[in-house]
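Participant: I'd like to go over a predicted model; first the sequence, then the structure.
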Amino acid sequence: MTSRTLLVGALLVALAAGVSRAEEINPVVGKAGEFTLREADLDRFIDALPAEAQQQLRKNPEQRSLLAREILQTRAIAMKARKDGFDRKPEVRERLGYFVDDFLAREYLTKVVIAGVKVSDAELRAYYQEHAKDFVMPEQAIVRHIFIGFTDAADSQAKAAAKTKTEGVLERLKKGEDFAAVAAEASEDIESAKEGGLLGAITPGQTNSEEFEKAVFALKAGEMSGLVESPFGYHIVKVDERKEKRALPFDEVKDALRSKLQGEAEQKKLREFVDEVAKQTGLELPASEEKPSGEGK
C-alpha cells in the first residue's frame, strides 16, 4: 500500500469523523425530499417569532416538535405544489408577490429602520421625574365579602327577606365562625364564594357602589363590617389587608416604562420613515374612510 493511499484513507476517515461530529452538534430533525431541517434551522425559525412564543417553544419540547412537524409538512406540500406547476399560476404568483413584499417590508422595518432606536436610562429617569404623578399606587384594600342580593330594590318584602338572611349570617360571624367558610356556604356571589368570598384588591372609585367602597375603606386590616346595603343587595365585608397610597420607585417601574417609551420611539421613527418613503416614491394613498366626529349618531 502506497503512502498516497494511506494519506487518502486517513483523510476520508477524518472527514467522516468530522461529519459525524457535525451531526452530533447539529442533528437532523426531519426531512422533506431534499430539504433537511436541522436543530440550528429550527432555532433560527424560533428566534424570528414573538418573545412569548419563543419562551413557550424553548421550555416545551412537545411544542417544539409540533413546530418542526408543521415546517416539514408545509415544505412537503409546497414541493408538491411546485412540482404540479401550481406556483406558476398568475393568481398564485400575484399573491406570492404580496406575501414576499409584506415579509420584506416588515423585516426591513424591524432589522434596519428601527433597529437603532434605543431609549437611554437617562431618558427613562427624566420621564419618570416629569410624570411623577403617574407613578403613584393608590390605596388598596384586599377584600372579602358575603353577598345576599335582592332583584328589585323597590320590593320591600324581598329587601326585608334579604336583610333578615344577611343578619343571620352576621350573627354566625360574630360568634366566631370562619369568614371564608361562611362565605363559601352562604354568599350568593358564586364566583367569589368559591374563593372564600375573596374579591381581591379594590381601589377607590373602582366599584359602582359608593356605599360598598365607603364601608371597605373605613375598615382596618382584619376588621369586619356590619350590614352594608348597595343597589344590588346586602354585603358583609372583611378587609384582609390594607395598602396605603405610595409613590412607585423608579426601579419598580423601569422595565414597564422602557417598554412604553421604546414603543413610542419606534412608532415615531416608523412614521417619519413612511413619510420620507412617500416623498421619495410619490406614494399615493386612498382617502380615509373615517367618518367625521358625530356622524352616524
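Facilitator: Done, it's in. Keep in mind that this is a model prediction, so the values were computed, not measured.
Participant: C-alpha coordinates for the helix or strand containing residue 171, PDB please?
Facilitator: With secondary structure defined by DSSP states H and E, residue 171 is part of helix 156-174. Output in PDB follows, covering the C-alpha atoms of helix 156-174 (Å, rounded to 0.1, in the frame of the first residue of the first chain):
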ATOM      1  CA  SER A 156     -89.900  45.900  50.300                       C
ATOM      2  CA  GLN A 157     -90.600  42.200  51.000                       C
ATOM      3  CA  ALA A 158     -87.700  41.000  49.000                       C
ATOM      4  CA  LYS A 159     -85.400  43.500  50.700                       C
ATOM      5  CA  ALA A 160     -86.600  42.600  54.100                       C
ATOM      6  CA  ALA A 161     -86.100  38.900  53.400                       C
ATOM      7  CA  ALA A 162     -82.500  39.500  52.100                       C
ATOM      8  CA  LYS A 163     -81.700  41.700  55.200                       C
ATOM      9  CA  THR A 164     -83.000  39.100  57.600                       C
ATOM     10  CA  LYS A 165     -80.900  36.400  55.900                       C
ATOM     11  CA  THR A 166     -77.800  38.600  56.000                       C
ATOM     12  CA  GLU A 167     -78.300  39.500  59.700                       C
ATOM     13  CA  GLY A 168     -78.400  35.800  60.400                       C
ATOM     14  CA  VAL A 169     -75.100  35.300  58.600                       C
ATOM     15  CA  LEU A 170     -73.600  38.200  60.500                       C
ATOM     16  CA  GLU A 171     -74.600  36.700  63.800                       C
ATOM     17  CA  ARG A 172     -72.700  33.500  62.900                       C
ATOM     18  CA  LEU A 173     -69.600  35.500  62.200                       C
ATOM     19  CA  LYS A 174     -69.900  37.500  65.400                       C
END
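Participant: can you pull out the helices in the stretch 51-200 of the chain?
Facilitator: Chain-ordered helices for the stretch 51-200 of the chain, with DSSP state H, counting those that start in this stretch as the definition, fall at 51-59, 61-83, 90-108, 121-130, 156-174, 179-186, 190-193.
Participant: what mean pLDDT does whichever strand or helix holds residue 269 have?
Facilitator: Counting by DSSP H and E, the element that carries residue 269 is helix 250-281. Taken as a whole, helix 250-281 has a mean pLDDT of 94.
Participant: reformat the helices of the stretch 51-200 of the chain as JSON lines; add distance to residue 224, mean neighbour count and mean pLDDT.
Facilitator: To be clear about C-beta, it is placed using only N, CA and C from the backbone, and glycine gets the same treatment. Supplementary listing: the helices of the stretch 51-200 of the chain in JSON lines, determined by distance: least, Cβ to Cβ, whole Å; neighbours: other Cβ atoms under 10 Å; pLDDT from 0 to 100:
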{"stretch": "helix 51-59", "distance to residue 224": "42", "mean neighbour count": "12", "mean pLDDT": "89"}
{"stretch": "helix 61-83", "distance to residue 224": "47", "mean neighbour count": "13", "mean pLDDT": "93"}
{"stretch": "helix 90-108", "distance to residue 224": "57", "mean neighbour count": "10", "mean pLDDT": "94"}
{"stretch": "helix 121-130", "distance to residue 224": "39", "mean neighbour count": "13", "mean pLDDT": "96"}
{"stretch": "helix 156-174", "distance to residue 224": "6", "mean neighbour count": "15", "mean pLDDT": "93"}
{"stretch": "helix 179-186", "distance to residue 224": "7", "mean neighbour count": "18", "mean pLDDT": "96"}
{"stretch": "helix 190-193", "distance to residue 224": "15", "mean neighbour count": "14", "mean pLDDT": "95"}
